[in-house]
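Student: okay, sequence plus prediction incoming.
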Amino acid sequence: MWYRRDRVVRELLKFGAVGGVGFIADIGLFNLLLFAGGEGPLHDQPLVAKTLSVTLATIITYVGHRAWTFRHRTRIKHSRGYPLFFLFNGLGLGIALSCLGISRYVLDLSGPIADNISANVVGLALGTLFRYWSYRTWVFPANPSGPVPPPPAAREAEPVNA
């Protein structure tokens, strides 16, 4: 029981660290596209800016999660894992875009603070909860026989007990 809880805690910390890097890329590009120099190149297209910034963050986090966060879980083929990862990130993006769209177009709130709170606080929090659950469930499923063994090169370096 302790082992399982410790593993989940370590996994959550790694998920947060990788997500933090993706978050920096996401909000950095989002704000650059909307507000660089007062009015960025996409200042009147916040949904397009958010889509582009989340796409960059998705690529970064896929690499980080596959190589580090979930490396102990079952490895599914890239041909299945990558599309699933993008699908669930697309749904997470939909959550963030919904929050941003409601803020901008229903509540008529705009500007750096309103856009960032709706897209990068509320939308990101809800999207992150969804992503963590979906990654663990479908993209990086549990290995029923235990942790994934190390790659062959690492096994060759292990000492053999005689």
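Tutor: Thanks, I have the structure now. Residues are numbered from 1 along each chain as shown.
Student: going forward, measure contacts between C-alpha atoms and count neighbours the same way
Tutor: Fine.
Student: now the nearest residue to Ser110 once chain neighbours are set aside: how far from Gly64?
Tutor: Leaving aside its chain neighbours, Ser110 sits nearest to Arg104 (5.6 Å; criterion: CA to CA, 6 or more residues apart in numbering). Taking CA to CA, to the nearest Å as the criterion, Arg104 is separated from Gly64 by 32 Å.
Student: one step back: run a quick neighbour tally on the residue nearest to Ser110.
Tutor: Neighbour count of Arg104, defined by other CA atoms under 10 Å: 18.
Student: go on, Ser134?
Tutor: 19.
Student: dump the helix or strand where it lies to CSV, restricted to CA.
Tutor: Here Ser134, judged by DSSP states H and E, is contained in helix 123-134. Below are the C-alpha coordinates for helix 123-134, written out as CSV (Å, rounded to 0.1, in the frame of the first residue of the first chain):
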residue,chain,number,x,y,z
GLY,A,123,-9.4,26.4,-18.0
LEU,A,124,-5.9,25.0,-17.4
ALA,A,125,-6.9,23.6,-13.9
LEU,A,126,-9.9,21.8,-15.3
GLY,A,127,-8.0,20.6,-18.4
THR,A,128,-5.1,19.4,-16.2
LEU,A,129,-7.4,17.2,-14.1
PHE,A,130,-8.9,15.7,-17.2
ARG,A,131,-5.5,15.1,-18.8
TYR,A,132,-3.9,13.4,-15.8
TRP,A,133,-6.8,11.0,-15.6
SER,A,134,-6.9,10.3,-19.3
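Student: rounded mean pLDDT for it, please.
Tutor: When pLDDT is averaged over helix 123-134, the result is 92.
Student: packing partners of that helix?
Tutor: With contacts defined as 3 or more CA pairs under 8 Å, 6 or more residues apart in numbering; DSSP states H and E, helix 123-134 has these neighbours: helix 78-101.
Student: which is the next helix or strand following the helix it packs on?
Tutor: helix 112-117.
Student: give me the mean pLDDT for that following helix.
Tutor: 93.
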